[in-house]
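Visitor: below are the sequence and a predicted model for it; my questions follow.
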Amino acid sequence: MNKEIRNLKQFSTSNDRFEGAHLLCPGCAHSIIVRELLNCTDDNLVIANATGCLEVCTAVYPHTSWDASWIHIGFENAATSASGAEAMYKALKRKGKLKDPDKPVKFVAFGGDGATYDIGFQFLSGAVERGHDFTYVCLDNEVYANTGGQRSSSTPIGASTTTTPAGRISYGEKKMKKDIVSIMAANGAPYVAQVSPNKWKDMVKKYQKALSIEGPAFINAMSACTTEWKFPSNETIQVSDLATDSLVFPLYEIEEGHKLTITYRPRKIIPVRDYLGAQGRFKHLFKKENEYLIEAMQKSVDAKWELLQRREEAGV
Amino acid sequence: MDYLGWDQVEAGAVLPSFDEVKGDIALLKQAERDYAPTNSYTASVADWRVFKPVFNRDLCIDCQNCWVFCPDTAIIAVDKKMVGIDYEHCKGCGVCVDVCPTNQKSLLMFDENEDNDRALQNWPEKIKKEK
């Protein structure tokens, strides 16, 4: 059962189950995203965590930051262990061996974009296809931040990373970002959504929906990374605002694989240039020879927004 | 707490969050919980800070923006009221100052060595909006 959260004041009476003094960077958006998921429900949680920033920073021996059942598992199988736990829970329930059968339990898996887009993709796809009742949250910071900033298939075009450095010859990453939300919707997940920490209410709503529906739910959460995106630690929310308002990261959900709803329409759409300018990883794009890329990016963002609006209208 | 050596740690470890679970954790306030020494709540990251946020109660409107956006669970909110900052868990990132909506901010960054009372006395004036 979900908690009723009408406003921020009411939300602030939640009892945190994600403790401080974890070792994530100052200003990291990961913990904002995770905290809101743990606060939006009072149910018991079983959490599987793939390797990544979140895992290595919240369970450094001898401390743990989790006040819920939590397991660290290999890079690729967060979805697998969550679905395994869920299958066992169902079996025990059927046999009547549960200690407290009335208390609802939710199964959640966290993974970074490396663990979701690349390494764990096959296992996530399998878990969704089998229809386990769990929620997968991808903390999408568009880079392998934990290992030192290598490109992942989530890295947007033009970004400078350690394995796609921008310089005299290259303008950085040359591939477009993978559209994981559409892929997961096509995979058969009944609920797929994109969230961003700066729109907390939208995020909480989507979390609650994802937790309450029967079957697998996938949530792609944008997580601004102060270290790899190269912006000052206090600007995490500002940069997230720029991303959602410039529609680089539109907020929408897809139900039953086709019913698309846009959940946030910015009052004033700002140019993509502003979003890029706030981050050090796109600094080289403002050189004269790379300016054409910004225009191309603006065009592709506009086209994507147009497509989303059409899909919402048509419901396909 | 006593730390084990590298050769004493067993492969695969279980870290308990609580010494004793008295009921449903989601319904217990942090003060009522029985934290184990292996819970990071008992640890401190105060030495990460270079600048620290200082909270001014007189200007606060209890919007709780800082609470929801704090990455370190370091804003203490009791009964819908903002009470203060948990300096054991704050890393001094400055997100709370950034999201504070009041003009003449009710949270501001000061040098870590600055005295809180002196910081409150030297609070900057309200910024007038230019038309």
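Guide: Alright, I've got the coordinates.
Visitor: would you agree A:C225 is in contact with A:D140?
Guide: No - here A:C225 does not reach A:D140: they are 9.7 Å apart, not a contact under CB atoms under 8 Å. For every residue, glycine as well, the C-beta is placed using N, CA and C.
Visitor: how much space separates the residue of the stretch 1-150 of chain A found nearest chain B from B:T73?
Guide: Closest to chain B within the stretch 1-150 of chain A is A:G20: 3.0 Å, counting by CB to the nearest CB. The gap separating A:G20 from B:T73 is 4 Å, by CB to CB, to the nearest Å.
Visitor: am I right that A:E76 falls within a helix?
Guide: No - going by DSSP: H, G, I helix; E, B strand; the rest coil, the assignment for A:E76 is coil, not a helix.
Visitor: contacting residues around it?
Guide: Contact partners of A:E76, counting by CB atoms under 8 Å, 6 or more residues apart in numbering or on different chains, are A:A50, A:A115, A:I119, A:G120, A:Q122, A:F123.
Visitor: is A:I33 in a helix, a strand, or coil?
Guide: What three-state DSSP gives for A:I33 is helix.
Visitor: residue contacts, the nearest residue to it once chain neighbours are set aside?
Guide: Closest residue to A:I33 apart from its sequence neighbours, by CB to CB, 6 or more residues apart in numbering or on different chains: A:A221 at 4.7 Å. Neighbouring residues of A:A221 by CB under 8 Å, 6+ apart: A:I33, A:V137, A:C138, A:L139, A:D140, A:Q194, A:V195, A:S196, A:P197, A:M203.
Visitor: shouldn't the last one be in contact with A:Q194?
Guide: No - counting by CB under 8 Å, A:M203 stays clear of A:Q194, with 10.1 Å between them.
Visitor: so where's chain B uncertain?
Guide: Low-confidence segments of chain B (pLDDT under 70): B:131.
Visitor: for it, what spans make up the strands?
Guide: Ranges of strands within chain B are B:51-55, B:75-78, B:81-85, B:107-111, based on DSSP state E.
Visitor: turn the ones you listed into JSON lines, columns for distance to chain A and mean neighbour count.
Guide: JSON lines is the format used below for the strands of chain B (distance: least, CB to the nearest CB, whole Å; neighbours: other CB atoms under 10 Å in any protein chain shown):
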{"stretch": "strand B:51-55", "distance to chain A": "9", "mean neighbour count": "21"}
{"stretch": "strand B:75-78", "distance to chain A": "4", "mean neighbour count": "19"}
{"stretch": "strand B:81-85", "distance to chain A": "8", "mean neighbour count": "17"}
{"stretch": "strand B:107-111", "distance to chain A": "8", "mean neighbour count": "19"}
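Visitor: want to throw the ones you listed into CSV with distance to A:E173?
Guide: Formatted as CSV, these follow (distance: least, CB to CB, whole Å):
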stretch, distance to A:E173
strand B:51-55, 33
strand B:75-78, 36
strand B:81-85, 39
strand B:107-111, 34
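Visitor: wait, which of these is closest to B:G23?
Guide: strand B:75-78 (20.0 Å; CB to CB).
Visitor: who does the closest one touch, helix- and strand-wise?
Guide: If you count contacts as 3 or more CB pairs under 8 Å, 6 or more residues apart in numbering or on different chains; DSSP states H and E, strand B:75-78 packs onto helix B:65-69, strand B:81-85.
Visitor: pretty sure A:A189 is in a strand, no?
Guide: No - A:A189: not assigned to a strand; according to three-state DSSP it is coil.
Visitor: ok, the residue of the stretch 1-150 of chain A closest to chain B touching B:Y87?
Guide: No - with contacts counted by CB under 8 Å, A:G20 stays clear of B:Y87, the gap being 10.7 Å.
Visitor: distance of B:F18 from chain A?
Guide: Distance from B:F18 to chain A, counting by CB to the nearest CB, to the nearest Å: 7 Å.
Visitor: what bridges to that residue?
Guide: On the basis of DSSP bridges, B:F18 is bridged to B:Y35.
Visitor: check contacts around it.
Guide: B:F18 sits next to A:D67, B:I25, B:R33, B:D34, B:Y35, B:A36, B:N39 when contact means CB under 8 Å, 6+ apart.
Visitor: show me the shaky parts of the stretch 1-150 of chain A.
Guide: For the stretch 1-150 of chain A, the stretches with pLDDT under 70 are A:1.
Visitor: contact residues of it facing chain B?
Guide: Near chain B, the residues belonging to the stretch 1-150 of chain A are A:8-13, A:15-24, A:26-32, A:35-36, A:41-44, A:58-59, A:61-68 when assessed by CB under 8 Å from any CB of the partner chain.
Visitor: any of those residues buried? List them.
Guide: Buried members of the residues of the stretch 1-150 of chain A next to chain B, counted by 16 or more other CB atoms under 10 Å in any protein chain shown: A:8-9, A:11-12, A:15-24, A:26-32, A:35-36, A:41-44, A:58-59, A:62-68.
Visitor: for B:G12, which of the strands of chain B is the nearest?
Guide: Nearest of these (CB to CB): strand B:75-78, 35.1 Å.
Visitor: output that closest one as CSV - backbone C-alpha positions only.
Guide: The C-alpha trace of strand B:75-78 is given here as CSV (Å, rounded to 0.1, in the frame of the first residue of the first chain):
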residue,chain,number,x,y,z
ILE,B,75,18.6,18.1,7.1
ILE,B,76,16.7,17.5,10.3
ALA,B,77,13.0,18.0,9.9
VAL,B,78,10.7,17.4,12.8
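Visitor: distance from the chain centre to stretch A:216-235, please.
Guide: 8 Å (CA atoms, centre = their mean, to the nearest Å).
Visitor: whoops, I mixed them up, stretch A:75-83
Guide: Centre-to-centre, stretch A:75-83 and its host chain are 16 Å apart (CA atoms, centre = their mean).
Visitor: can you list the buried residues in it?
Guide: Here stretch A:75-83 shows A:F75, A:E76, A:N77, A:A78, A:A79, A:T80, A:S81, A:A82, A:S83 as buried, counting by 16+ other CB under 10 Å.
Visitor: with stretch A:276-296 instead?
Guide: Using 16+ other CB under 10 Å as the burial criterion, the residues of stretch A:276-296 that qualify are A:L276, A:A278, A:Q279, A:R281, A:F282, A:H284, A:L285, A:N290, A:L293, A:I294.
Visitor: now stretch A:211-218
Guide: For stretch A:211-218, a neighbour-count test (16+ other CB under 10 Å) marks A:L211, A:S212, A:P216, A:A217, A:F218 as buried.
Visitor: what do you get for stretch A:128-144?
Guide: Residues of stretch A:128-144 classed as buried by neighbour count (16+ other CB under 10 Å): A:128, A:132-144.
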